[in-house]
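Visitor: My questions concern the predicted model and sequence given below.
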Amino acid sequence: MIPKTFKEVIDLGDGREISIETGKLAKQAHGSVVVQSGNCMLLCTVVSNYKQADVDFLPLTVDYREKFAAAGRYPGGFFKREARPSDGEVLTMRLVDRVLRPLFPKDYHAETQVMIQLMSHDENVMPDAMAGLAASAAIQLSDFPFECAISEARVGRINGEFIINPTRAQLKESDIDMMIGASADSVMMVEGEMNEISEEEMTEAIKFAHEAIKVQCAAQLKLAEAFGKKEVREYEAEREDEDLAKKVHDLTYDKVYAIAKAGSAKHERSAAFAEIKEEVKATFSEEELEDFGDLVSKYFYKAEKAAVRDLTLNEGLRLDGRKTDEIRPIWCEIDYLPSVHGSSIFTRGETQALATVTLGTSREANQIDMPSYEGEETFYLHYNFPPFSTGEARPIRGTSRREVGHGNLAQRALKGMIPEDCPYTVRVVSEVLESNGSSSMATVCSGTMALMDAGVQLKKPVSGIAMGLISDADSGKYAVLSDILGDEDHLGDMDFKVTGTADGITACQMDIKVKGLSYEILVKALMQAKDGRLHILEKLTDTIAAPKADVKSYAPKIVTKIIPGEYIGAVIGSGGKVIQELQKETNTTIVINEDPDTEEGIVEILGTGQDGIDAVIAKIDALMFKPEVGSVYEVKVIKMLDFGAVVEYMEAPGNEVLLHVSELAWERTENVSDVINMGDVFDVKYFGTDPRTRKEKVSRKALLPKPEGYVERPPRRDKGGDRRGGNRDRKPRRD
């Protein structure tokens, strides 16, 4: 029996639509939907355990995977099975997680899993733009305690016109690529890259996407109503004790306020807060702590949060003594590491990033192999966040999702400033050595200086800043914070990272923790961020004003040479013999790619010594050398023969031709050595290929004056002629 299905359709305009369907697949999940646009289909399922986990947080897992079968392809590598998620899949997981997580109740701790799978791919539809819609739609069909429907949409701008969920081809023409996550009432998440747009333009893009999201949220609610919205499940809520909360608040608030107002460093402040917490716990007996010690810790945190926020709202002061728009002290240094191609240190307050740059050929490009996208990156950035950067000791188990996300943000901030004609593949690695507030923005700043130190001709330097927000809905007070600390991120209502040049924004990432953030506050945050960005940018350019004119002496130089496609084989040689020997002889790396449009060969020559690069170019020129009929060339004798000499073109070493004895001089030559010797250099004239011998012909005598009284010998006859040039008739054949 075919199951009953329920479906809602969302009109995107210009003939495109998104459908949300349920009732056919994965019915044992607590909620499941198939979201489709064109031939792109996502299956999303959600499940949450009915028993609360023994933790004090929501154990939520958002998993996004792209199946290679969805694109009619096999997984690459030896094992033909999908394995660990790619960076692209991890980034989509983060986009969805950041919007969903704040909408679950704070006391809901049941293990929850959201699984989104690409089941069918359409090259004209980018699936990550529909992942948030799929996740929220599946949750709306479940009995989870979840505040409201949300969705996500990508916005681009082509020729000044905004577009929702553009294709990958359209994105190449767009100056904006932003993903916005929101409910019908509030924008909650923004992430993307831009081509130096203004703060006002960014705000307009967010507003445009939000209008589309409102329609998508309404469609989810309509689908849930038709399907039959389930009653929200009951779960064991956390214990509350108002009297205990008041007691802890009274014991804690004033002391925390005083320490916060003193403006101390991170470790001193943390130690002081910990001491107050121990004093509060000491007012309770061991039996009481065993009974409700967890509540004491919870209420201490609430009192601490209230005190820190009130200090900022009431007095405009922050934990480290700064004003709301003040940037921490900055110091920078370049060329710190003696053997790398480019390096820099950026330190802002208690946050420090050491960046390195490595230059290579197209062979070092980062290969992207996903069902929804295949390509390569010739500029990429990796971000490492070791535990010692925050004074912790914990095991390192591979690259975390956070490291992937922060590295991607910094990469998007910088990549638009890499010149299109940069011949190198460029890799930036950021090592975060200290962290107390926005190490990703420190990575952007250190990455800018390291690139300039390496001699990469950046179009413009880029800086970045993290903004925060503390607001009180009851009083209407709010404070926008520049260059936030880690504690301010944790205790505040917004984490807004903005990067850009002096002329506009290049990337952003925003997470909002409060409902109904007004566009007035958003614009104020953006304008305050601009002032902070420009201040930091001045510190960077004071350290290094412009990219170095050339790469370092020990860094590889790269020269790109275009050759006709017909010569690619000659340069490579049989079995790669020519190119391998040439690399060995010149101590260079040679990479040859074929341009699919022009069918020309793109030869990249990478080497630390200019002499080696010049030798490779000379060899390639020699292999492509074609003498022109009637032209004169300088040659050198490299081999003596009885019937002539082998000569080599001086302008194309390795190109040889036979100079016949009859072309040495006008006089009859008995011995070749009577006229020329080994190593002699002289000019010859090129006559092309002799049709009779099918060999190339050059002549020395053609450039010499004829001797006085010289008589030209009659030409040979093609048939029956005398070998000595005579014209004697043949005798009649006898019978």
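Guide: Looks like it came in fine.
Visitor: Any regions of the stretch 501-650 of the chain where pLDDT drops low?
Guide: Nowhere does the stretch 501-650 of the chain drop to pLDDT under 70.
Visitor: first to last residue in stretch 143-161, what's the distance?
Guide: Stretch 143-161 has an end-to-end distance of 40 Å (criterion: CA to CA, to the nearest Å).
Visitor: ditto for stretch 557-568
Guide: For stretch 557-568, the first-to-last residue distance is 22 Å (CA to CA).
Visitor: What sits closest to residue 196 if chain neighbours are left out?
Guide: Nearest residue to residue 196, sequence neighbours excluded (CB to CB, 6 or more residues apart in numbering): residue 504, at 3.1 Å. C-beta coordinates here come from the backbone N, C-alpha and C atoms, glycine included.
Visitor: Ok, residue 580 next?
Guide: Nearest non-adjacent residue to residue 580, counting by CB to CB, 6+ apart: residue 573, 7.7 Å away.
Visitor: That neighbour touches residue 579, doesn't it?
Guide: Yes. If you go by CB atoms under 8 Å, residue 573 and residue 579 touch, sitting 6.0 Å apart.
Visitor: Tell me which stretches of the stretch 251-400 of the chain form strands.
Guide: Here the stretch 251-400 of the chain has its strands, by DSSP state E, counting those that start in this stretch, at 330-334, 342-348, 351-360, 366-370, 373-377, 379-384.
Visitor: Could you export the third one as PDB, CA atoms only?
Guide: Going back to what we said before, that points to strand 351-360. These are the backbone C-alpha positions of strand 351-360, laid out as PDB (Å, rounded to 0.1, in the frame of the first residue of the first chain):
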ATOM      1  CA  THR A 351      45.300  36.600  21.400                       C
ATOM      2  CA  GLN A 352      48.300  35.700  19.200                       C
ATOM      3  CA  ALA A 353      48.500  34.000  15.700                       C
ATOM      4  CA  LEU A 354      51.700  33.000  13.900                       C
ATOM      5  CA  ALA A 355      51.100  32.700  10.100                       C
ATOM      6  CA  THR A 356      53.300  31.100   7.500                       C
ATOM      7  CA  VAL A 357      53.000  31.200   3.700                       C
ATOM      8  CA  THR A 358      54.300  28.400   1.300                       C
ATOM      9  CA  LEU A 359      54.500  29.000  -2.400                       C
ATOM     10  CA  GLY A 360      54.200  26.200  -4.900                       C
END
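Visitor: what helices or strands is that strand leaning on?
Guide: strand 342-348, strand 425-434, helix 439-453 (3 or more CB pairs under 8 Å, 6 or more residues apart in numbering; DSSP states H and E).
Visitor: Tell me which of the ones you listed sits nearest to residue 636.
Guide: Minimum separation from residue 636 across the helices and strands packed on strand 351-360 (CB to CB) falls at strand 425-434, 39.7 Å.
Visitor: Show me what that closest one is packed up against.
Guide: When contacts are defined as 3+ CB pairs under 8 Å, 6+ apart, strand 425-434 packs onto strand 351-360, strand 379-384, helix 401-415, helix 439-453.
Visitor: now the angle between strand 379-384 and it, please.
Guide: Between the axes of strand 425-434 and strand 379-384, defined by axes from the mean of the first three to the mean of the last three CA atoms, to 10 degrees, the angle is 20 degrees.
Visitor: could you give me the average pLDDT of strand 425-434?
Guide: For strand 425-434, mean pLDDT is 96.
Visitor: buried stuff in it?
Guide: Neighbour-count burial for strand 425-434 flags 425-434 (criterion: 16 or more other CB atoms under 10 Å).
Visitor: sec struct for residue 247, please.
Guide: Under DSSP: H, G, I helix; E, B strand; the rest coil, the three-state class of residue 247 is helix.
Visitor: Run through the residues that contact it.
Guide: By CB atoms under 8 Å, 6 or more residues apart in numbering, the contact set of residue 247 is empty.
Visitor: can you give me the helices for the stretch 251-400 of the chain?
Guide: Along the stretch 251-400 of the chain, counting by DSSP state H, counting those that start in this stretch, helices occupy 266-282, 286-315.
Visitor: Correction: the previous question concerned the chain.
Guide: Along the chain, counting by DSSP state H, helices occupy 87-100, 128-140, 168-173, 199-227, 242-262, 266-282, 286-315, 401-415, 439-453, 486-491, 519-543, 568-572, 577-586, 610-623.
Visitor: Out of those helices, flag the one nearest residue 379.
Guide: Across these, residue 379 has its closest neighbour in helix 401-415 (5.1 Å, CB to CB).
Visitor: need the helix or strand of this protein with the lowest average pLDDT.
Guide: helix 486-491 (a mean of 85; mean pLDDT, DSSP states H and E).
Visitor: how about that one: buried residues?
Guide: By 16+ other CB under 10 Å, the buried positions in helix 486-491 come out as 486-489, 491.
Visitor: So which other helices or strands are in contact with it?
Guide: In terms of contacts (3+ CB pairs under 8 Å, 6+ apart), helix 486-491 is packed against helix 266-282, helix 286-315, strand 463-471.
Visitor: Which strands or helices does the first one pack on?
Guide: What that stands for is helix 266-282. helix 242-262, helix 286-315, helix 486-491.
Visitor: Let me see the mean pLDDT of the second one.
Guide: Read it as helix 286-315. Across helix 286-315, pLDDT averages out at 90.
Visitor: Output the contacting helices and strands for that helix.
Guide: For helix 286-315, the elements it packs on are helix 242-262, helix 266-282, strand 463-471, strand 478-482, helix 486-491, judged by 3+ CB pairs under 8 Å, 6+ apart.
Visitor: how about these, which one is nearest residue 617?
Guide: From those, taking CB to CB, the stretch that ends up closest is strand 463-471, at 39.2 Å.
Visitor: in its sheet, what does the closest one sit against?
Guide: Using DSSP bridges, strand 463-471 pairs in its sheet with strand 478-482 (antiparallel), strand 494-501 (antiparallel).
Visitor: most packed of those strands?
Guide: Stretch with highest mean neighbour count among these: strand 494-501 (a mean of 25; mean count of other CB atoms under 10 Å).
Visitor: tilt between that strand and helix 519-543?
Guide: Using the same axes, to 10 degrees: strand 494-501 against helix 519-543 is 50 degrees.
Visitor: Restrict strand 494-501 to CA atoms and write it as CSV.
Guide: Taking C-alpha atoms only, strand 494-501 is exported to CSV below (Å, rounded to 0.1, in the frame of the first residue of the first chain):
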residue,chain,number,x,y,z
MET,A,494,26.2,38.3,19.7
ASP,A,495,29.4,37.3,18.1
PHE,A,496,29.9,39.2,14.9
LYS,A,497,33.1,38.9,13.0
VAL,A,498,33.8,41.3,10.1
THR,A,499,36.8,41.4,7.7
GLY,A,500,37.6,43.9,5.0
THR,A,501,39.9,46.3,3.3
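Visitor: report the angle between the axes of that strand and helix 87-100?
Guide: Using the same axes, to 10 degrees, strand 494-501 lies at 140 degrees relative to helix 87-100.
Visitor: Low-confidence stretches in this protein?
Guide: Using pLDDT under 70, the chain drops low at 1, 713-735.
Visitor: switch to 80 and redo it
Guide: Counting by pLDDT under 80, the chain contains low-confidence residues at 1-2, 77, 514-517, 651-654, 693, 708-735.
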